[in-house]
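K.L.:
this one's sequence-less:
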Ligand SMILES: CCCCCCCC/C=C\CCCCCCCC(=O)N[C@@H](COP(=O)(O)O)[C@H](O)/C=C/CCCCCCCCCCCCC
């Protein structure tokens, strides 16, 4: 039943499985699974209410740009993040210093999600190691301030900060993950965080080697 409520329900196990599929044997990052991981996370975001709509909209927009490349005529060049970077750089398809004729390259679009992945890693690690009465809003803004916020203008930082304030408490937050009792969620986060971290590190090194970490 495409589009049913069941389809839209978030499940941490699903996201974990998707990120497991992200890495090839030689540690290349499969774009298809990377965007599928983000799709799963957006389901979670949507379940938190319309306050997060502007964040979800931006993430979906970026996911869709990458999916269009994946399914486009040059889709075979977009199988992995590594092949995408090589293809776009070899063919001068990336605006390197200021936005020009390639404002929505795969490289710059993925970079935005990549930065958000660092936020996710920091946030989930806090969630995993925190006590029952810890505030998710505080964990979320600490993780945001240490990562993504540096790349956002004042107005986005302000809106994000306001949205964080309405995050549910830790027990309710863990429940929405549809895993089971809190101890089980914590155990699953213990598996998810290192995986997310590995995908992040591999992408970070690739982008650093190619001088792509500041794409406009
Ligand atoms: C395991 C489950 C628990 C955690 C689930 C978290 C679910 C999070 C799902 C999605 C996260 C959203 C990813 C946002 C990508 C943002 C990319 C970005 O930086 N875009 C900005 C720059 O783009 P360009 O203008 O250069 O194209 C854009 O300006 C941003 C706009 C929207 C604001 C983004 C704020 C991000 C805050 C971090 C996410 C908070 C989610 C809280 C939910 C726990």
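P.N.:
Nice, I can see it. Values in this document were obtained by computation on a predicted structure and should not be read as measured data. Numbers count the residues shown, from 1 in each chain.
K.L.:
pretty sure residue 54 is touching residue 159, no?
P.N.:
Yes. Counting by CB atoms under 8 Å, residue 54 does reach residue 159; the two are 6.5 Å apart. (Glycine included, C-beta is placed from N, CA and C.)
K.L.:
mind checking what helix or strand follows the helix or strand bottoming out on mean pLDDT in the chain in sequence?
P.N.:
Every helix and strand in the chain was compared by mean pLDDT, DSSP states H and E; the lowest is helix 5-8, with a mean of 54. Per DSSP states H and E, helix 5-8 leads on to helix 12-21 as the next helix or strand towards the C-terminus.
K.L.:
what residues does this structure have near the ligand?
P.N.:
12, 15, 41-42, 44-45, 54-55, 58-59, 112, 115-116, 119, 124, 140, 144, 148, 151-152, 156, 160, 167 (CB under 6 Å from any ligand atom).
K.L.:
would you map the helices across the chain?
P.N.:
For the chain, applying DSSP state H gives helices covering 5-8, 12-21, 31-47, 53-70, 81-90, 106-129, 136-145, 154-164, 170-175, 182-209.
K.L.:
let's have the ones you listed in JSON lines, adding mean neighbour count.
P.N.:
Shown next, in JSON lines, are those (neighbours: other CB atoms under 10 Å):
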{"stretch": "helix 5-8", "mean neighbour count": "8"}
{"stretch": "helix 12-21", "mean neighbour count": "18"}
{"stretch": "helix 31-47", "mean neighbour count": "20"}
{"stretch": "helix 53-70", "mean neighbour count": "17"}
{"stretch": "helix 81-90", "mean neighbour count": "18"}
{"stretch": "helix 106-129", "mean neighbour count": "20"}
{"stretch": "helix 136-145", "mean neighbour count": "18"}
{"stretch": "helix 154-164", "mean neighbour count": "14"}
{"stretch": "helix 170-175", "mean neighbour count": "16"}
{"stretch": "helix 182-209", "mean neighbour count": "16"}
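K.L.:
per-stretch mean pLDDT over these, give me the minimum one.
P.N.:
In terms of average pLDDT, helix 5-8 trails the rest of the helices of the chain, at a mean of 54.
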